[in-house]
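[1] can you look at this prediction? I've put the sequence above it.
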Amino acid sequence: MKRPGPLLTLLAGLLLGAFMLSLNATTGTKSASSYREASPGVTAPPSPTPSSSTTPSASPSPSSPSPSKSAKTVPPHADYAGRTDDDSSAVAVSLRGGKAVAYFCDGHDKESWLKGDVKDDGTMKLTGRHGAELNGTLKDGRSIRGTVDLGGRRYAFTADKAVKPSGLYRATATVRGATLDGGWIVLPGGRQVGILDRDGRPSAAPRIDPETGAVTIDGERLTAQPVTP
């Protein structure tokens, strides 16, 4: 039997080489570009956690402004007229800028002019000659309730807010050598109460025209003017 020739030996070598190449392709290591192995003992740094010290604190809420002081209540500019409780006399009060002037009159022979200040709460203490005194309180700007002390007597009164021509009037003049001083209270409804002082002798005053203040005294035409402080 003949022994294999050199051709068979060469063929066997080629087959062995092809087998080795195929085995290497199936068992080779992965390339470094596929993934990167972590080095032993090295850990990834922890994600930064916001520190409480860096957390912005809530800004303090602005403090509420302190309430401002309430504005003062200024007594109104107005006139008031009314009767005493016993209906014996009339009282008129005129208010302007925290000041007041008042007139008490019985229409015969008793009268008094008074003046003073009005407080922010509406109270007033007015004084006149011979110790006359008026104490009153303004009620919501609509009326004045009070008392007049005169000649040893006390007269309680209520004076309501007056609308022109109601109010307080006065006229002074010298006529035929006599000094005249007249005061008038025109009440709501048109009723008038007044006294004319002629050289210190009081008597009932003649009526005035409430629209113009005109009045005739001893043949002379005078004009009574509204009275304000």
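    Yep, it's here. Numbers count the residues shown, from 1 in each chain.
[2] can you say which helix or strand has residue 181 in it?
    Using DSSP states H and E, residue 181 maps to strand 178-186.
[3] buried stuff in the helix or strand just after that strand?
    For strand 178-186, the following helix or strand on the C-terminal side (DSSP H and E) is strand 192-198. Using 16 or more other Cβ atoms under 10 Å as the test for burial, strand 192-198 gives 192, 193, 194, 195, 196, 197. The way it works is simple: take the backbone N, C-alpha and C, and place the C-beta from them, glycine included.
[4] just give me the closest of these to residue 135.
    Nearest to residue 135, judged by Cβ to Cβ, of the buried residues of strand 192-198 is residue 193 at 21.0 Å.
[5] how near is the closest one to residue 228?
    In this view, residue 193 and residue 228 are 19 Å apart by Cβ to Cβ, to the nearest Å.
[6] please apply the same query to residue 105.
    From residue 105 over to residue 228 the distance is 18 Å, taken as Cβ to Cβ.
[7] quick one, which of those two is more surrounded?
    Using other Cβ atoms under 10 Å as the criterion, residue 105 and residue 228 rank with residue 105 on top: 24 against 15.
[8] report the contact partners of the residue lying closest to that one once chain neighbours are set aside.
    Residue nearest to residue 105 in three dimensions, not counting chain neighbours: residue 111, with 4.5 Å by Cβ to Cβ, 6 or more residues apart in numbering. By Cβ atoms under 8 Å, 6 or more residues apart in numbering, the contact set of residue 111 is 103, 104, 105, 183, 195, 197, 202.
[9] please convert the buried residues of strand 192-198 to a markdown table, extending it with pLDDT.
    Converted to a markdown table, these look like this (pLDDT from 0 to 100):
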| residue | pLDDT |
| --- | --- |
| 192 | 97 |
| 193 | 97 |
| 194 | 98 |
| 195 | 98 |
| 196 | 97 |
| 197 | 96 |
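[10] low-confidence ranges, the protein, go.
    1-75 (pLDDT under 70).
[11] now do the helices in it.
    For the chain, the helices defined by DSSP state H occupy 6-27.
[12] can I see the domain layout of it?
    According to automatic domain parsing, the chain comprises the domains 78-161, 167-226.
[13] of those domains, flag the one that's most buried.
    By mean neighbour count, with neighbours taken as mean count of other Cβ atoms under 10 Å, domain 78-161 ranks first of these at a mean of 18.
[14] gap between the two ends of that domain?
    7 Å (Cα to Cα, to the nearest Å).
[15] ditto for stretch 111-129
    Distance between the two ends of stretch 111-129: 10 Å, counting by Cα to Cα.
[16] one more: stretch 91-102?
    Start and end residues of stretch 91-102 are separated by 7 Å (Cα to Cα).
[17] which residues sit against that stretch?
    74-84, 103-105, 113-118, 124, 126, 134, 136, 138, 144, 148, 155, 157, 159, 162, 167-168, 185, 226-229.
[18] swap in stretch 143-150?
    80, 82, 84, 89, 91, 93, 104, 110, 112, 114, 124, 128, 130-139, 154-161.
[19] among these, which are in strands?
    Judged by DSSP state E, the subset of the contacts of stretch 143-150 located in strands is 80, 82, 84, 91, 93, 104, 112, 114, 124, 128, 133-139, 154-161.
[20] one step back: for the strand holding residue 181, which strands pair with it and how are they oriented?
    Within its sheet, and counting by DSSP bridges, strand 178-186 is paired with strand 167-175 (antiparallel), strand 192-198 (antiparallel).
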